[in-house]
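Novice: Sequence and predicted structure, then a few things I'm wondering about:
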Amino acid sequence: GNSVTRMEGPVTLSEEAFLTINCTYTATGYPSLFWYVQYPGEGLQLLLKATKADDKGSNKGFEATYRKETTSFHLEKGSVQVSDSAVYFCALSDPYNDYKLSFGAGTTVTVRA
Amino acid sequence: EADIYQTPRYLVIGTGKKITLECSQTMGHDKMYWYQQDPGMELHLIHYSYGVNSTEKGDLSSESTVSRIRTEHFPLTLESARPSHTSQYLCASRETGRDSPLHFGNGTRLTVT
């Protein structure tokens, strides 16, 4: 079945550092890809999305490009802030299962001042 | 601000009790979902609904049940709670369409003692 995999465990970095969170996926067909963010004590919120190959999603300084050739959707931000501390989830919608979303394990990001 | 509401936010109950977790949304979405979020932060789909009187089990086996009598309301019930049910439960809804994102509630954190 379709699935997403996040590539690293908790990430701790200093303010203004560069952030990358890797995400690769396994899918048949052409899924849409999403990044969600979960701030402490809250539910998940959509951060950005991309619906076809080579699309770039962006929001709040975060970017991710849908790479079909490497089946990846890595999340990047050039200069993180303390307020970016949260848990980040990669997800895909399954075009053969009525576009239900499958989530990878979350990546906890802690940004220190 | 949230257009999807979950109550209670926190619940501590004893083994064997029957509980209902409430979820309501005001966006008129036909599709609603329940996810269980485990300590490793992965999300697992346990139930979903595509409209009134439609309910299906998700990918993760669950001893809970759901109902969908009204479009806006999607409660989840545990007939007899056990310590293994201790987890966070997230409710979500979305519009029909491959690119439509999930809107999440803030979750119910359940502890069964």
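Specialist: Looks like it came in fine.

Novice: drop to CA atoms for contacts and neighbour counts, all remaining ones
Specialist: Will do.

Novice: which stretches of chain A have low pLDDT?
Specialist: Low-confidence segments of chain A, defined by pLDDT under 70: A:1-2, A:6-8, A:99.

Novice: what does the longest strand along it contact?
Specialist: When chain A is parsed with DSSP state E, its longest strand is strand A:86-94. The contact list for strand A:86-94 (C-alpha atoms under 8 Å, 6 or more residues apart in numbering or on different chains) reads A:2-6, A:23, A:25, A:27, A:31-40, A:99-110, B:98.

Novice: Take those and, keeping just the buried ones, write it as a ChimeraX select command.
Specialist: The ChimeraX command for the buried members of the contacts of strand A:86-94 (criterion: 16 or more other C-alpha atoms under 10 Å in any protein chain shown) is given here:
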select /A:2,3,4,5,6,23,25,27,31,32,33,34,35,36,37,38,99,100,101,102,103,104,105,106,107,108,109,110 /B:98
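
Novice: Among the contacts of strand A:86-94, which lie within strands?
Specialist: Per DSSP E, the contacts of strand A:86-94 map to strands at A:3-6, A:23, A:25, A:32-38, A:100-103, A:107-110.

Novice: so residue 103 bridges to which residues?
Specialist: No chain specified, so I'll use chain A. residue A:91 (DSSP bridges).

Novice: think we crossed wires, I meant chain B
Specialist: In beta-bridge terms (that is, DSSP bridges), residue B:103 pairs with residue B:93.

Novice: and residue B:27, how many residues sit next to it?
Specialist: Using other C-alpha atoms under 10 Å in any protein chain shown, residue B:27 has 14 other residues around it.

Novice: got a pLDDT number for it?
Specialist: Listed pLDDT for residue B:27 reads 94.

Novice: same check, this time on residue B:38
Specialist: 80.

Novice: Roughly how far does it sit from residue B:56?
Specialist: Distance of residue B:38 to residue B:56, computed by C-alpha to C-alpha, to the nearest Å: 21 Å.

Novice: hang on, residue A:103 packs against residue B:37?
Specialist: No - assessed by C-alpha atoms under 8 Å, residue A:103 is found out of contact with residue B:37, at 10.5 Å.

Novice: I'd like to know how far the residue nearest the centre of chain B sits from residue A:73.
Specialist: The centre of chain B sits closest to residue B:34, judged by C-alpha atoms, centre = their mean, with a distance of 3.2 Å. Using C-alpha to C-alpha, residue B:34 is found at 25 Å from residue A:73.

Novice: try residue A:55
Specialist: Counting by C-alpha to C-alpha, the gap from residue A:55 to residue A:73 is 10 Å.

Novice: shared neighbours of those two, which are they?
Specialist: What both residue A:55 and residue A:73 touch, as defined by C-alpha under 8 Å, 6+ apart, is the set A:65, A:66.

Novice: Thank you kindly, that will do.
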